[in-house]
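Student: Got a predicted structure plus its sequence, pasted below:
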Amino acid sequence: MNLEALKEKYFEKLEKAKEFHYRKKTGFEVAEELKKALDALLKPAFKEFFGKWDIPVALFALGGYGRGELNFHSDIDVNLIYAGKLSEAHTEDIEGFYYFLLSLNRDLGFSPRSVDEALELSKSDLSIFTNILQRRFLTGEEEIEEKLGGLLSEFIRKNRKNLVNEILSARRDRYRRFYGTVYYQEPNVKESKGGLRDLHEAFWIAKVVFGIENYSGFLDRKILDRQSFREAISAYDFLLRVRNQLHLLAGRKSDILSFEMQREVATFFGFPLDRQGVELFMKNYFNSATDIAVTTKEVIKTSLEELQEEKKEFPFILSENREDFGEFFAERGTLYIKEEFKSSILKEPKLVLKGFKILQETGYSMSAETFSIFKLSAETQKNRFRGKRVLREFKGILKNQKRLSFVLEAMHDTKVLGALIPDFERLRGHFQYDTYHKFTTDIHSILTVRELEKLEEKGTNETSVQEKEKLSQILKDLEKPQTLYVAALFHDIGKGKPGKHEIVGSKLTEKYTSVMGFSEEEIEEISWLVRNHLLMSHLAFRRDITDPNLIEKFKEECKTEEKLKKLFLLTYADIKAVGPGAWDNWKSSLLWQLYNTTYNLFVENKTAEELIEEKLKRRREKVKELLKGKIKPESVERFFKNADRDYLITYSSSEISKHLLMMKEIRREGREYEFYHESFPDMGYTKLTIVTKYRRGLFNRVAGLLSYLGINIKGANINRAIEDDCDCMVYTIQVSTVADEALPCDTVERLEKKLRELYEGRLNFEEIEVVMRPKAFRRNVPIPETKVKVDNRTSEKYTIVEVSTLDRLGVLYTITKILLEEKTRLRRALITTEGNRVIDSFYITDMDYKKITDEERINSLKERIEEAIRP
């Protein structure tokens with residue numbers, strides 16, 4: 001058969017493999033078909049190119065092809081290995097074979113090497129070593145395999161420990177590149193923690209240490225028990241099928257289970273097309289990935305223990321470093337179960353918790369067998385784990401802040417946490433189909449505890465040293481920090497149940513902490529923190545925190561300084577644990593402002609109103625001092641009497657002084673407006689200030705202009721300020737680049753130019769609206785629901801319209817245009833982004849500066865906004 005006919009036959013077999021996949025055959029069965037198809041092509045092709053060679057030569061399948069685990073667009077890794085010296089004719093044959101392989105249009109790994117070269121490269125390059133370690137002889141001279149195999153075995157025998165350490169080092173590096181957790185929301189099916197590569201590495205290590213030839217060696221050598229082996233192989237097969245579907249959907253090698261792909265892959269696996277279907281599919285994925293991550297960790301641990309045993313010259317002599325813990329003992333930083341207690345520990349959850357307490361106190365790791373026994377106990381003794389006696393032992397772990405997140409993660413991995421708290425078992429792998437939350441709910445809860453622990457450490461990402469020190473001091477000042485850590489673990493326990501998760505979670509928390517034996521005071525505080533864990537971020541990011549009534553109400557809700565401090569720290573840890581980028585300088589500044597203002601109410605023991613009156617008196621005198629010789633003191637007095645109180649509360653003495661001079665300039669020069677900007681690169685934003693004669697709808701136009709220029713709006717204040725004969729409005733708008741950085745100078749210059757055109761009536765808004773019009777395409781990512789709420793309770797003076805929708809160009813412009821058309825006055829615009837969702841809050845009145853209370857008008861306003869912005 002000629003080469004073209006062989007290729008045609010190969011592609012026919014690929015189609016057959018696709019049929020296998022779509023008929024829902026296992027991943028291993030599909031891989032076998034792909035392997036046989038490629039074998040049937042390469043073996044005769046080898047004979048065609050190398051059959052007449054006068055030196056020994058052989059062809060080997062490497063990597064995934066060597067293991068027989070190809071996916072549809074996997075790399076084809078093959079090695080041509082020979083003994084002897086290549087002639088020019090040999091080189092021409094190799095080139096011909098190489099171009100033949102290229103004609104398959106597949107990613108190719110092909111290297112011709114002598115036996116000695118293959119061995120030397122294996123010694124210096126880990127990826128080459130692991131590829132050759134998994135080699136499979138395809139065809140050619142078997143003496144090549146015998147020689148290479150012998151030399152490689154000798155190298156492995158002499159370098160076992162170093163090779164294992166190199167593989168573990170590569171594993172750690174890979175984990176760091178992929179966020180170090182199974183539970184990242186857009187995982188790499190091959191490379192993320194819990195991905196296919198985890199099992200490959202465990203296999204390499206077990207092959208180096210135990211000499212196993214395939215996965216069944218895990219059982220044969222008693223590295224895994226039958227249950228763990230079944231779980232790992234089943235999970236691995238599931239991931240193979242997921243990867244195959246990703247490859248077929250993309251038409252190329254594609255390993256990221258991105259939001260765009262999740263719905264498509266979920267549908268293939270029979271899940272509903274809706275959001276819930278995706279979440280259920282991803283829960284399955286994370287459970288499978290967890291099984292692989294946990295089981296391969298067990299394999300590695302057993303292999304390391306085997307290496308340590310080999311070093312003992314007299315294993316029957318007890319080590320001097322052995323520590324005794326009753327039913328347990330520890331050696332070289334690893335906790336073991338004494339032989340005579342294995343059966344009783346399996347049946348007695350209290351003893352399992354004793355083991356975890358030892359881990360918490362010492363920081364030791366579990367031996368592979370200890371891990372297996374704890375896991376088996378959790379799976380078989382659930383009812384006993386949930387008894388009051390055992391849960392009270394768990395309380396001891398929760399109230400000890402030492403290494404709490406470490407021991408909670410270990411309990412989660414062994415399924416003990418879910419055995420103790422059924423709602424954590426329910427949340428295992430709980431996936432939220434949105435672009436804000438980067439991790440699943442279960443690991444997010446543990447990470448929230450970890451973020452609190454980090455405040456005791458030297459550094460923490462995305463938090464400045466100064467801020468970390470201030471947060472750390474607040475933590476140190478707490479009288480009873482234990483309740484904060486418990487609340488951090490339980491804060492999202494209500495997710496996945498009907499109703500508001502913070503309310504549901506508070507009731508569940510109350511139930512669990514009561515059974516655990518916490519005091520009534522502790523139960524009340526923990527459940528209060530869970531119930532209110534969203535309150536502080538809601539107020540800071542969506543409400544006007546210069547409003548004294550809002551601050552007063554928030555203080556009343558907190559009741560004590562201790563609760564305020566704990567809620568602030570929980571809010572911080574919760575946001576940080578969402579994932580990279582969730583915490584930024586803008587959010588930090590708003591939360592600190594709310595915290596400090598409320599804290600001062602406790603310290604001063606005065607009302608918010610009293611503190612504000614005192615502040616305004618000081619501010620007025622400071623402005624007089626700053627403007628001495630420029631503006632008469634009586635003019636300043638009139639200004640403080642006539643200006644909107646909101647304005648006077650919002651701005652500092654230096655800002656007010658600057659605004660007054662600008663108003664004077666406007667009046668004297670007959671100008672329409674004055675503009676300036678201040679850059680805050682450390683905070684990631686630029687503050688734009690426009691002091692202007694009144695122009696109805698100006699903010700709407702400025703919002704459109706900023707969107708047109710690709711400038712991100714973070715917040716805005718709009719206030720009336722009267723200076724003698726100049727009735728002006730002051731607009732301050734906090735903006736950033738799309739990368740959350742302060743604006744570069746050239747962008748500010750473009751803005752100033754466009755602002756002049758706007759005031760001169762030369763700006764073409766039809767052109768701007770065309771630019772902001774939604775494009776005909778968008779990424780297939782989770783689209784947040786559009787909601788419009790009206791709040792007439794929070795503020796005494798303003799109606800608050802809160803809009804939540806997909807973040808995109810022109811949303812703010814569209815909303816403010818409707819507010820303008822509906823004859824309202826806008827005084828505040830607060831913008832918060834969570835992933836691809838934007839939450840905008842608008843403080844408005846009617847044209848007579850009164851709250852809008854008419855239900856018909858409110859409903860009309862909501863309907864118009866919803867219709868205009870729905871994606």
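Tutor: Right, received. Where do you want to start? Since the structure is predicted, the reported quantities are computational estimates derived from the model, not experimental observations.
Student: Against Arg113, how distant is Ile523?
Tutor: The gap separating Ile523 from Arg113 is 68 Å, by C-beta to C-beta, to the nearest Å. Every residue, glycine included, has its C-beta placed from N, CA and C.
Student: likewise Leu830?
Tutor: 64 Å.
Student: cool, and Phe203?
Tutor: 23 Å.
Student: Leu830 and Arg113: which is more packed in?
Tutor: Leu830 (23 against 19; other C-beta atoms under 10 Å).
Student: Output the contacting helices and strands for the helix with the most length in the chain.
Tutor: Determined from DSSP state H, the single longest helix within the chain is helix 275-311. If contacts are counted by 3 or more C-beta pairs under 8 Å, 6 or more residues apart in numbering; DSSP states H and E, helix 275-311 sits against helix 160-177, helix 196-210, helix 226-250, helix 259-268, helix 368-380, helix 404-413.
Student: Could you dump the ones you listed into a markdown table with distance to Leu539 added?
Tutor: Formatted as a markdown table, the helices and strands packed on helix 275-311 follow (distance: least, C-beta to C-beta, whole Å):
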| stretch | distance to Leu539 |
| --- | --- |
| helix 160-177 | 36 |
| helix 196-210 | 43 |
| helix 226-250 | 42 |
| helix 259-268 | 30 |
| helix 368-380 | 40 |
| helix 404-413 | 28 |
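Student: returning to what we had before: next one: the longest helix of the chain to chain centre, how far?
Tutor: When distances are taken as C-alpha atoms, centre = their mean, to the nearest Å, helix 275-311 is centred 20 Å away from the chain's centroid.
Student: hang on, the earlier thing: can you put the helices and strands packed on helix 275-311 in a markdown table and add mean neighbour count, distance to Glu327 and mean pLDDT?
Tutor: As requested, those are exported to a markdown table (neighbours: other C-beta atoms under 10 Å; distance: least, C-beta to C-beta, whole Å; pLDDT from 0 to 100):
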| stretch | mean neighbour count | distance to Glu327 | mean pLDDT |
| --- | --- | --- | --- |
| helix 160-177 | 15 | 30 | 92 |
| helix 196-210 | 23 | 28 | 96 |
| helix 226-250 | 20 | 22 | 94 |
| helix 259-268 | 19 | 45 | 92 |
| helix 368-380 | 21 | 11 | 91 |
| helix 404-413 | 21 | 17 | 94 |
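Student: was I right about Leu16 contacting Glu33?
Tutor: One thing to correct before we go on: residue 16 is Lys, not Leu. Yes - with contacts defined as C-beta atoms under 8 Å, Lys16 counts as touching Glu33 at a distance of 6.3 Å.
Student: Compare neighbour counts for those two and give me the winner.
Tutor: Counted by other C-beta under 10 Å, Lys16 and Glu33 do not tie: Glu33 has more neighbours, with 19 against 15.
Student: how near is that one to Asn71?
Tutor: 12 Å.
Student: got it, and Ile132?
Tutor: Taken as C-beta to C-beta, the span from Ile132 to Asn71 is 21 Å.
Student: got it, and Gly761?
Tutor: Gly761 is 62 Å from Asn71, by C-beta to C-beta.
Student: So these two - more neighbours on which side?
Tutor: Using other C-beta under 10 Å as the criterion, Gly761 and Asn71 rank with Asn71 on top: 29 against 6.
Student: got the contact list for that one?
Tutor: 31, 34, 64, 240, 243-244, 247, 253 (C-beta atoms under 8 Å, 6 or more residues apart in numbering).
Student: which secondary structure element contains it?
Tutor: For Asn71, there is no host helix or strand (DSSP states H and E).
Student: How about Thr692?
Tutor: Judged by DSSP H and E, Thr692 forms part of strand 685-693.
Student: Confirm for me that Lys193 is in contact with Thr181.
Tutor: Yes - judged on C-beta under 8 Å, Lys193 makes contact with Thr181 at a distance of 5.9 Å.
Student: OK, contacts around the closest residue in space to Val738 that isn't next to it in sequence?
Tutor: Nearest in space to Val738, with sequence neighbours left out and distances taken as C-beta to C-beta, 6 or more residues apart in numbering, is Asn712 at 5.5 Å. Going by C-beta under 8 Å, 6+ apart, Asn712 touches 735-738, 740.
Student: These in strands, which ones?
Tutor: Residues of the contacts of Asn712 located in strands (DSSP state E): 735-736.
Student: With neighbour count and pLDDT as extra columns, can I get the contacts of Asn712 in TSV?
Tutor: Below are those laid out as TSV (neighbours: other C-beta atoms under 10 Å; pLDDT from 0 to 100):
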residue	neighbour count	pLDDT
Val735	23	89
Ser736	21	88
Thr737	16	88
Val738	8	79
Asp740	16	78
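Student: In TSV, list the contacts of Asn712 along with distance to Thr794.
Tutor: Shown next, in TSV, are these (distance: C-beta to C-beta, whole Å):
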residue	distance to Thr794
Val735	25
Ser736	26
Thr737	31
Val738	30
Asp740	27
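Student: For Pro56, give me its contacts.
Tutor: 82-84, 140-141, 143-144.
Student: Now Ile844: closest residue in space that isn't a chain neighbour?
Tutor: In space, Ile844 is closest to Thr824, 4.3 Å off (C-beta to C-beta, 6+ apart).
Student: Tell me the pLDDT of Ile317.
Tutor: You'll see Ile317 listed with a pLDDT of 44.
Student: one step back: may I have the strand holding Thr692 exported as PDB, CA atoms only?
Tutor: Provided in PDB are the C-alpha atoms of strand 685-693 (Å, rounded to 0.1, in the frame of the first residue of the first chain):
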ATOM      1  CA  TYR A 685      -7.400  56.300  39.100                       C
ATOM      2  CA  THR A 686      -7.500  59.900  37.900                       C
ATOM      3  CA  LYS A 687     -10.000  62.400  39.400                       C
ATOM      4  CA  LEU A 688     -11.500  64.800  36.900                       C
ATOM      5  CA  THR A 689     -13.100  68.000  38.100                       C
ATOM      6  CA  ILE A 690     -15.400  70.200  36.100                       C
ATOM      7  CA  VAL A 691     -16.600  73.500  37.700                       C
ATOM      8  CA  THR A 692     -19.300  74.800  35.400                       C
ATOM      9  CA  LYS A 693     -22.300  77.000  34.900                       C
END
